[in-house]
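Chemist: can you look at this prediction? I've put the sequence above it.
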Amino acid sequence: MNVPRRAVLWRLAMGTALSLALVTAFWVGRSTPPDAAPLPPTVAAGALAAAEPMARPASEALVLFAPLASSPASSAASRPNPGLAAIAPSRGEPAARSHWDLCGIGRLPVPPGAAADAPPPHVMLEAAASLEPRWEAALATAGPRARAAARRMGLVELPAGEAAVTPAMAEASADPVISAWATQDCRNDVACLEATARRWQQLEPDNLAPRLAVLRSAPKPDLAALQALATATRFQAHFGQLGPSLLAVWPAGEARFLQTELLVAATGVEAAVGLPSLIPLTRACREGAANAGIRDACQRIARTMLQHSDTLFGVNVGLGLGRVSGLPPKELQGVQALQGQAHQATEALTEHLADQPWSCSSNTLWVEWAGEVQQHGEWRAIQRRLAARAAPSR
């Protein structure tokens, strides 16, 4: 596996402020489900912007593992979002930073007049020079998922026009995560979508996510299609697997502030890639609400997404479908209350991003959170954290 030397550091470029804005908006900006079309604004922006290139940011004080300038995450982050100013934490602005706290290196003063939005380039380069050969060797012998994750993060040079995770990679693997990534990377290629989603469904026949993926290129589902969708027992998009898949092969002893950069960037990539489009499903449920069969199928789908989703995205969609299909309000209220508090589960992470994003305390928070999401899914991890906050202290 060829990991070009400067690719690990400077090719994957986006500023700290954009990383913070995208990640914070992904968690906090989705708290209120839209009424008209249950698709979270930040996720929708990422999916719609997936094919749009963005020029390299003007600043060369760049973060280590932020997404490629031509990646979906960068395109989504570059779109104006009127809610970002209210979402981003107000304390600890980079301009007020007097020092950089770099886990694995120590505290470095910010020289007078120097930009404080990223540590000095020579420090970044030295850390990357130490990491790169060891990580390249680890990836060369890693399993299929870690190698696919490296391709998704842009750590590997790909042939022009080739998807990060291809249908052939999905077909050769029994890992549903690889099939999910391949399906997302198909964008609007109908043949690719059909092949990868079919493989994904073979591996997880009870999962609603691969069934919905093909709707991105299909006409509005009819009653039979909706009834087939309603037989699924869970919605699992495998969000949160990208960063931990790479940390699993992280060489011991390397500067841990690089891990934090990797996890933040991976969250941005996953926030912006094309999750299954729910527009055809939403339209079918809304327009067919007077039909008892359609209404029943849509309600069953909504309950599955409310009760058995691994992502906040799925829960948000479930709430919207529940309203459209006429679920009793009492079935929505409890989930909606939790969903409205979701940002509280991750506020410590975003606060550290605004203050000292490269510190050891920030790294610990991010690695712990990534592990929880990988093990339990995003929504269950949020619920567990909210329950812990509400529990009386002993």
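Modeler: Everything's here; your move.
Chemist: most centrally placed residue in this protein?
Modeler: By CA atoms, centre = their mean, the mean C-alpha position of the chain lies nearest to residue 270, the distance being 2.6 Å.
Chemist: separation between residue 156 and residue 135?
Modeler: Distance of residue 156 to residue 135, computed by CB to CB, to the nearest Å: 12 Å. The C-beta positions use only the backbone N, C-alpha and C, and glycine is treated the same way.
Chemist: please read the previous query as pertaining to residue 265.
Modeler: Distance, residue 265 to residue 135, using CB to CB: 15 Å.
Chemist: can you tell me the average pLDDT over stretch 240-248?
Modeler: On average, the pLDDT along stretch 240-248 is 94.
Chemist: quick one: what helix or strand has residue 268 in it?
Modeler: Residue 268 is part of helix 257-272, with elements assigned from DSSP states H and E.
Chemist: ok, then the element right after that helix?
Modeler: Using DSSP H and E, the helix or strand that follows helix 257-272 in sequence is helix 279-287.
Chemist: that next one - contacts with which helices or strands?
Modeler: helix 223-229, helix 292-307, helix 312-325 (3 or more CB pairs under 8 Å, 6 or more residues apart in numbering; DSSP states H and E).
Chemist: circling back: between residue 265 and residue 135, which one's more packed in?
Modeler: residue 265 (27 against 22; other CB atoms under 10 Å).
Chemist: name the residue most distant from the centre of this protein?
Modeler: residue 112 (36.5 Å).
Chemist: and that residue, which of the three is it?
Modeler: The local conformation at residue 112, judged by DSSP: H, G, I helix; E, B strand; the rest coil, is coil.
Chemist: give me the pLDDT value at it.
Modeler: The model's pLDDT for residue 112 equals 84.
Chemist: and it, backbone torsions?
Modeler: Taking degrees, to the nearest 10, you get phi -60, psi 130 for the backbone angles of residue 112.
Chemist: so it versus residue 98, what's the distance?
Modeler: Counting by CB to CB, the gap from residue 112 to residue 98 is 10 Å.
Chemist: pLDDT weak spots in this structure?
Modeler: Flagging of the chain using pLDDT under 70 yields the residue ranges 1-96, 216-219, 274-277, 352-354, 393-394.
Chemist: tell me what the longest helix along it is packed against?
Modeler: If you go by DSSP state H, the chain has its longest helix at helix 121-140. If contacts are counted by 3+ CB pairs under 8 Å, 6+ apart, helix 121-140 sits against helix 144-152, helix 257-272.
Chemist: the residue nearest to the centre of the chain against residue 240, yeah?
Modeler: Yes: between residue 270 and residue 240 a contact is recorded at 6.9 Å, counting by CB atoms under 8 Å.
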